[in-house]
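Student: here is the input, now give the coordinates:
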Amino acid sequence: MQTRTCPHCAHKYSAITYILKVLSRFDDYRGWPCEQCGTILTVDPKRRMKVSLIAFLPTIIVNTILISFRRDMGISLLGTFLFAGAFLLVWVLLIYSFDNFKLKE
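Tutor: Next comes the predicted model:
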């Protein structure tokens, strides 16, 4: 199955539309109606867990490198936290765009 696609009618959500939907709600597992057919959709928790585990490694690597070399690069501690926070936000939004949907049971 393709990412961000309704399993009932094959309506594909754009990454931007889906990310805005994720940012505006915190109850992805309760479901929402498909824009095209009205079927109640929810995210696939198994897929989200697999993608999250894979996505966790680059976050650790980037933050470790940043903290290790922050003095050599001349970045303050506040700058380090701001950069790490911005990186994490962009990374999480990118990872959310790989979600799969399933029909609500």
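
Student: skipping adjacent residues, who's closest to Ser97 in space?
Tutor: Distances taken as Cβ to Cβ, 6 or more residues apart in numbering place Ala15 nearest to Ser97, at 4.2 Å, with adjacent residues excluded. For glycine as for every other residue, the C-beta is placed from the backbone atoms N, C-alpha and C.

Student: measure Ser68 to Ser14 for me?
Tutor: Taking Cβ to Cβ, to the nearest Å as the measure, Ser68 falls 38 Å from Ser14.

Student: tell me if I'm right that Ser52 and Leu94 touch.
Tutor: No: applying Cβ atoms under 8 Å as the test, Ser52 and Leu94 come out as separate, 11.9 Å apart.

Student: list the buried ones in the helix ranked longest in the chain?
Tutor: Ranked by residue count and defined by DSSP state H, the top helix of the chain is helix 45-73. Using 16 or more other Cβ atoms under 10 Å as the test for burial, helix 45-73 gives 47-48, 51, 63, 66, 70.
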